[in-house]
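Student: structure for the following, please:
(one chain, ligands or ions: 2)
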Amino acid sequence: MSTRLSSPQDYAGLLDKYDTWMFDCDGVLWHGDRIIDGVVEVLEMLRSYNKKVIFVTNNATKSRKSYKGKFDHLGVQAHVSHRPKDEIYGSAYAAAVYLSSVIKLPKGKKVYVIGMSGLEEELHEEGIAHIGGSDPTDCTLAPFSLAGFILDPDVAAVVCGLDTQLNYTKYSKAFQYLTRNPDCLFIATNEDSTYPSADGLLPGAGSVSAPLRFALGKDPICTGKPSSTMLDCIKAKIDYDPERTIMVGDRLNTDILFGKNGGLATLLVLTGITAESDITGSNSSPIIPDFVTNSLGDLRTIRKSEK
Ligand SMILES: O=C(O)[C@H](O)[C@H](O)COP(=O)(O)O
Ligand SMILES: [Mg+2]
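Tutor: Residues are numbered from 1 along each chain as shown. Ligands and ions are numbered 1, 2, ... in the order given. Predicted structure coming up:
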């Protein structure tokens, strides 16, 4: 059973219990480029109490470095690639680390990308060669000619993330790599079905990989939340005590499940994908967060109550 938080005392209780705060981004901090009310103040308040703040997003459209630009633009303090201050972790980074450190993709091998520059940047950072993605020859609405297609024999994996320049050519090339080479890995950065943009829901990365799953009759390896790969990336860089760590998210089957799988406390906010009705009533989800509140911004009442 979840505990519904509403008073400054409730929020102050979380502050006492948890030293490390992991935050999902889309639907928790912002909708697209629109920051959620109170978020900047709450993050500043947490830092004033010397809390560790970590951002963990399944959004693979940006690299950690380009996320830093978004954080700066929206007035949210965030550190990247300043050990031990690495605070931003994304599913593009998790996919790249999975290929470099878990699969140990051999030099000379490469990946075919359905995705955007953020995913390509993280693959490059990890020394993973890649084709497709933002390559103009693949970002085309021209009919795909299989007769004219030459398979690159060095492609050993297809990586699929949120891609707003989707087309039949990309799906067709990915399908060729995944069917003509039985050893070719099928990897999804994340499986979020929808994306909470500033103006409403859009299809998410899970809906991007869905046509390939259907055509192939098989599911990809997912490296984003709720997979442990993402938490392994954080563990490799940041020391934290799971007992005193809380994961704050808006989606039950990614953020909250990620927290539960990692032995963390979980706080669900209702500013993104999950509605109150998803956690109450007869057909509520079996994934139960420890705590629920309307918005991350609610925690600013802690400050007010101290005044
Ligand atoms: O891929 C997607 O569908 C979106 O990026 C999704 O919003 C995940 O972003 P997160 O909530 O994990 O920041
Ligand atoms: Mg989210």
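
Student: what sits against Asp278?
Tutor: Going by CB atoms under 8 Å, 6 or more residues apart in numbering, Asp278 touches 252, 284-285. Any C-beta I mention is one placed from the backbone N, CA and C, and that applies to glycine too.

Student: give me every residue in the stretch 51-200 of the chain lying close to ligand 1.
Tutor: Residues of the stretch 51-200 of the chain found near ligand 1 (CB under 6 Å from any ligand atom) are 57-59, 162, 190, 192, 195-196.

Student: just put those in a markdown table and tack on secondary structure.
Tutor: Putting those into a markdown table (DSSP: H, G, I helix; E, B strand; the rest coil) gives the following:
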| residue | secondary structure |
| --- | --- |
| Thr57 | strand |
| Asn58 | coil |
| Asn59 | coil |
| Leu162 | coil |
| Asn190 | coil |
| Asp192 | coil |
| Tyr195 | strand |
| Pro196 | strand |
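
Student: neighbour-wise, which one of these leads?
Tutor: Within these, most neighbours by other CB atoms under 10 Å means Asn58, with 33 neighbours.

Student: quick check: closest non-adjacent residue to that residue.
Tutor: Asn190 (3.7 Å; CB to CB, 6 or more residues apart in numbering).

Student: and for Gly118?
Tutor: Among residues not flanking Gly118 along the chain, Lys62 sits closest, at 3.9 Å (CB to CB, 6+ apart).

Student: turn the residues of the stretch 51-200 of the chain next to ligand 1 into JSON lines, including distance to Met1.
Tutor: As requested, those are exported to JSON lines (distance: CB to CB, whole Å):
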{"residue": "Thr57", "distance to Met1": "28"}
{"residue": "Asn58", "distance to Met1": "27"}
{"residue": "Asn59", "distance to Met1": "31"}
{"residue": "Leu162", "distance to Met1": "34"}
{"residue": "Asn190", "distance to Met1": "28"}
{"residue": "Asp192", "distance to Met1": "26"}
{"residue": "Tyr195", "distance to Met1": "30"}
{"residue": "Pro196", "distance to Met1": "26"}
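
Student: test my guess that the residue nearest to Asn58 contacts Leu119.
Tutor: No: with contact defined as CB atoms under 8 Å, Asn190 does not reach Leu119; the gap is 10.9 Å.

Student: make sure Tyr98 is indeed in a strand.
Tutor: No: applying three-state DSSP, one finds Tyr98 to be helix, outside a strand.

Student: for it, what are its contacts?
Tutor: By CB under 8 Å, 6+ apart, the neighbours of Tyr98 are 187, 221, 223, 229.

Student: mind redoing it with 6 Å?
Tutor: Going by CB atoms under 6 Å, 6 or more residues apart in numbering, Tyr98 touches 223, 229.

Student: that one and ligand 1, how far apart?
Tutor: Tyr98 sits 16 Å away from ligand 1, going by CB to the nearest ligand atom, to the nearest Å.

Student: ok, that residue to Leu123 distance?
Tutor: Here Tyr98 is placed at a distance of 11 Å from Leu123 (CB to CB, to the nearest Å).

Student: and if you look at Asp135?
Tutor: 13 Å.

Student: compare these two and say which is more crowded by neighbours.
Tutor: Just comparing Asp135 and Leu123: by other CB under 10 Å the higher neighbour count belongs to Leu123, 26 against 13.

Student: double-check that one against His130; I have them as touching.
Tutor: Yes: in terms of CB atoms under 6 Å, Leu123 counts as a neighbour of His130; the distance is 4.7 Å.

Student: what number of residues lie near Glu120?
Tutor: Glu120 has 24 neighbouring residues, counting by other CB under 10 Å.

Student: can you tell me how far it is from Pro106?
Tutor: Glu120 is 20 Å from Pro106, by CB to CB.

Student: ok, of the residues of the stretch 51-200 of the chain next to ligand 1, which one's closest to His31?
Tutor: Nearest to His31 among these is Pro196, at 5.4 Å by CB to CB.

Student: once you drop chain neighbours, what's closest to that closest one?
Tutor: Take Pro196 and drop its neighbours on the chain: the residue closest to it by CB to CB, 6+ apart is Gly27, 4.3 Å away.

Student: then Ala198?
Tutor: Gly32 (3.3 Å).

Student: and the residues of the stretch 51-200 of the chain next to ligand 1 as a markdown table, adding distance to Trp21 and pLDDT?
Tutor: Output for those, formatted as a markdown table (distance: CB to CB, whole Å; pLDDT from 0 to 100):
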| residue | distance to Trp21 | pLDDT |
| --- | --- | --- |
| Thr57 | 14 | 98 |
| Asn58 | 18 | 98 |
| Asn59 | 19 | 97 |
| Leu162 | 25 | 98 |
| Asn190 | 21 | 98 |
| Asp192 | 21 | 98 |
| Tyr195 | 23 | 96 |
| Pro196 | 20 | 96 |
